[in-house]
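Trainee: Sharing a sequence plus its predicted fold:
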Amino acid sequence: MSRLPFVTRRPLAFRHRSVTIPYMKAQFRFHNHIVAAIFPLVLSLFAAQSGFAQDADKLDDLYNRLKDADEGAALRIEGEIFTESGKSGSATIDILMRRGSQALESGNSSAAIEHLTAAVDHAPDFIEARATRAMAYYSDGEIGPAIADLGWVLEHEPRHFVAWSILGTILEESNMPERALAAYRSAAAIHPHIPEVKGAIGRLEKQLEGQAL
């Protein structure tokens, strides 16, 4: 699998062009409607997990069905993807993930990062630990580390529509509309029925068309 060059404190190469996202501590950003919509879904991943392992074949089937599903079916498949993706195979990791998610939900992003980093340290290949930590970094305004985690997630699971959506949000907020649009389109190609992502695509297409005139 080719490496996606999303790295902290270094230029961000996106679609074969390099741009720079500075390492900075931004303001709390959960007012963003896309992240606000995704946030409770991510937290629900770990509400009832208890050491079950993922079924890779089941995930492949779910993603294949999602891209062609109608809206009603897509919502059901989305929930199944979240459930399957949230299985770490370890009761210890599940506890750390629940603690991190609960801290994030309560607004304590620093504690969330601590718990989620412990989960990453214990299970460095567990994708949802880094995906959720990216959201925690984002909520804490740590954009560089959020980008680094999102890059790792998308390198290892390019179908992760939540990661693409958050990446699009960060790029849009960083005044990179073309790259944000590409990230949103990547999310929509995997999951075509996220209303906030569809809205963002329409908004940015109009914005970029206006700039071209």
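Mentor: Now that the structure is in, tell me what you want to look at.
Trainee: so how many other residues sit close to residue 139?
Mentor: By the measure other Cβ atoms under 10 Å, the count of residues near residue 139 is 22. Placement of C-beta: from N, CA and C, glycine included.
Trainee: ok, and the closest non-adjacent residue to it?
Mentor: Spatial nearest neighbour of residue 139, excluding adjacent residues (Cβ to Cβ, 6 or more residues apart in numbering): residue 109 at 4.4 Å.
Trainee: Strands of the chain, residue ranges please.
Mentor: Along the chain, the stretches classed as strands by DSSP state E are 11-14, 17-20.
Trainee: can you give me how far the longest helix belonging to the chain is from the chain middle?
Mentor: The longest helix of the chain (DSSP state H) is helix 195-212. Relative to the centre of its chain, helix 195-212 is centred 20 Å away, using Cα atoms, centre = their mean, to the nearest Å.
Trainee: In that helix, which of the residues would be classed as buried?
Mentor: Going by neighbour count (16 or more other Cβ atoms under 10 Å), the buried part of helix 195-212 is 196-197, 200-201, 204.
Trainee: would you put the C-alpha positions of it in CSV?
Mentor: Taking Å, rounded to 0.1, in the frame of the first residue of the first chain, the C-alpha atoms of helix 195-212 are listed here in CSV:
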residue,chain,number,x,y,z
PRO,A,195,-25.7,15.2,4.3
GLU,A,196,-23.1,17.4,5.8
VAL,A,197,-20.5,16.2,3.3
LYS,A,198,-22.8,16.5,0.4
GLY,A,199,-23.5,20.1,1.5
ALA,A,200,-19.8,20.9,1.8
ILE,A,201,-19.2,19.6,-1.7
GLY,A,202,-21.9,21.7,-3.1
ARG,A,203,-20.7,24.8,-1.2
LEU,A,204,-17.1,24.4,-2.2
GLU,A,205,-18.0,23.7,-5.9
LYS,A,206,-19.9,26.9,-6.0
GLN,A,207,-17.1,28.8,-4.2
LEU,A,208,-14.5,27.5,-6.6
GLU,A,209,-16.7,28.1,-9.7
GLY,A,210,-17.1,31.7,-8.5
GLN,A,211,-13.4,32.1,-8.1
ALA,A,212,-12.8,30.8,-11.6
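Trainee: Who are the contact partners of the residue nearest the centre of the chain?
Mentor: The chain has residue 163 as the residue nearest its centroid, 2.2 Å off, counting by Cα atoms, centre = their mean. Residues counted as contacts of residue 163 (Cβ atoms under 8 Å, 6 or more residues apart in numbering) are 131, 134, 150, 153-154, 157.
Trainee: Mind doing that once more with 6 Å?
Mentor: Residues in contact with residue 163 (Cβ atoms under 6 Å, 6 or more residues apart in numbering) are 131, 150, 153-154.
Trainee: Identify, from these, the entry nearest to residue 138.
Mentor: residue 150 (8.9 Å; Cβ to Cβ).
Trainee: Show the pLDDT at residue 12.
Mentor: We have a pLDDT of 38 for residue 12.
Trainee: scratch that, residue 54
Mentor: With respect to pLDDT, residue 54 has a value of 87.
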